[in-house]
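A.B. asks: quick one, what's the 3D model for this:
(one chain, ligands or ions: 1)
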Amino acid sequence: MSPPKRIALLGSTGSIGRQTLDVVSLHPDRFRIVALACRRSSAEVVAQARRFRPRLVAVVDEASAAEVASALSDMDLQVAAGQEAMVQCATYEEADITVAAAAGVAGLVPVWEAVKAGKTLALANKEPLVVAGHLITAEAAKSGAKLLPVDSEHSAIFQSLLGQRKDAISRVILTASGGAFRDLSDDELARVTPADALAHPTWQMGPKVTVDSATLMNKGLELIEARWLFDLAPEILDVVLHRESIVHSFIEFADGSVLAHLARPDMRLPIQFALSYPERLPRPDPPPDFAALGALHFAAFEPARWPCVALAREAMSVGGTAPTALNAADEVAVAWFLAGRIPFPTIAQIVEFALENHTPTAGESLEELLETDRRVRDLVERNAQKWIRSVT
Ligand SMILES: NC(=O)c1ccc[n+]([C@@H]2O[C@H](COP(=O)([O-])OP(=O)(O)OC[C@H]3O[C@@H](n4cnc5c(N)ncnc54)[C@H](OP(=O)(O)O)[C@@H]3O)[C@@H](O)[C@H]2O)c1
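C.D. replies: Now for the predicted structure:
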């Protein structure tokens, strides 16, 4: 048997990070953690380091990094601090694969540096591709970096396309559960709380992606992610509602055949596939029981009800810095909603405002994209009085 694959894990203390560690625990002879990174969850990363014995622990927040260094002083490992530490983890030389599972655009620079270094990446963190997909894919073609999808819809597309000819694809359809508020009226939507939004019906995820699932911005971001991961024309990307989250994507081919990928809604499966690819390793949980399920439901996606998808599509078709503007505004708006500062429907209004007031440029360098991210956050903050309500 080959030696264990060595893994550098960005965002180890998050939902995807912890599930990645579950997968590693299930296959200790196949995978080994060599580097861990988080922002500031010091107690959790210390416990992870004691259990998985990496060579590097990277912590962005300097005070938390000092706590981690002190708590792990008896261990033979390096604790690194600051933004640079994330890059150190992402490009860790001893790692065979980097799992990118930090949240949001914060993962962009580490992912970019890992791509430049020609690493193999298991990508859960979709925002780097949303913002800089054109640069990342071009750079990967030069450096030889490989991008393996972790997002369940994209893992499904990846798996359905194995052995297929891409020029025979006529449509790629991502399924959407509809999030926590799929059955609410407009009036009810205006009154939902952050706690309501965080109760996703089928997936357990971090706060940002859970709120994005409720607005369906997550589906919009996934369309852009799919466009870059698989080099697909935006026009052939589609969405269908599917409440059970068993079918993760469909591929339609020129002859009318449709291939789908089905699995239980459990992120450990796509994480494991990205880590073990091209092999398939066993998992303890059984496949879906179709007789017990009885039926799977699909419904047309209504663009007017979920404006974030149309906004993401618009940003995708404009290209350049437009997706950066979309994402920056969404990150600020979601944080405000979670802090109880704006009602739920205002998230889409803020994103729309940002796109209307952003003059897109080509986005030819990472610096230009990072500058756009800063400017759009600043634009939204400067206009906060339009949307912010007093906290009750
Ligand atoms: N969760 C899912 O089921 C799922 C599915 C598909 C795709 N994704 C994507 O995967 C990514 C991670 O999602 P998640 O649900 O795992 O998020 P999460 O639970 O919020 O975890 C985020 C992780 O990133 C770290 N982090 C947050 N901000 C950071 C920063 N500024 N710099 C460095 N590290 C930072 C956090 O560290 P601290 O704990 O120290 O704050 C934590 O380890 C997102 O892009 C999401 O869209 C998630």
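
A.B. asks: the helix or strand encompassing Gln19 - contacts with which helices or strands?
C.D. replies: Assigned by DSSP states H and E, Gln19 belongs to helix 15-26. Under the contact criterion of 3 or more C-beta pairs under 8 Å, 6 or more residues apart in numbering; DSSP states H and E, helix 15-26 touches strand 5-10, strand 31-38, helix 42-52, strand 97-100, helix 268-276. For glycine as for every other residue, the C-beta is placed from the backbone atoms N, C-alpha and C.

A.B. asks: Phe301 is nearest to which of the ones you listed?
C.D. replies: Proximity to Phe301, assessed across those by C-beta to C-beta, is greatest for helix 268-276 (22.1 Å).

A.B. asks: what ranges do the strands span in the stretch 151-300 of the chain?
C.D. replies: Using DSSP state E, counting those that start in this stretch, the strands found in the stretch 151-300 of the chain span residues 169-176, 237-241, 247-253, 258-262, 299-300.

A.B. asks: can the helix or strand following the last one be said to contact the ligand?
C.D. replies: Sequence-wise, the next helix or strand beyond strand 299-300 is helix 307-318, with elements assigned using DSSP H and E. No: on the criterion C-beta under 6 Å from any ligand atom, helix 307-318 is out of touch with the ligand, staying 13.3 Å away.

A.B. asks: leaving out sequence neighbours, find the closest residue to Leu174.
C.D. replies: With sequence-adjacent residues excluded and distances taken as C-beta to C-beta, 6 or more residues apart in numbering, Leu174 is closest to Glu153, at 4.5 Å.

A.B. asks: for Val79, that is, sorry about that
C.D. replies: Among residues not flanking Val79 along the chain, Ala69 sits closest, at 4.0 Å (C-beta to C-beta, 6+ apart).

A.B. asks: what of Met1?
C.D. replies: Asp29 (7.1 Å).

A.B. asks: and the residue of the chain positioned farthest from its centre, helix, strand or coil?
C.D. replies: Distance from the C-alpha centroid of the chain, by C-alpha atoms, centre = their mean, peaks at Asp74 (34.7 Å). Classification of Asp74 using DSSP: H, G, I helix; E, B strand; the rest coil returns coil.

A.B. asks: re earlier: how many residues are close by the residue nearest to Met1?
C.D. replies: Asp29 has 8 neighbouring residues, counting by other C-beta atoms under 10 Å.

A.B. asks: can I assume it is in contact with Ser2?
C.D. replies: No: using C-beta atoms under 8 Å, Asp29 is not in contact with Ser2; the gap is 10.1 Å.
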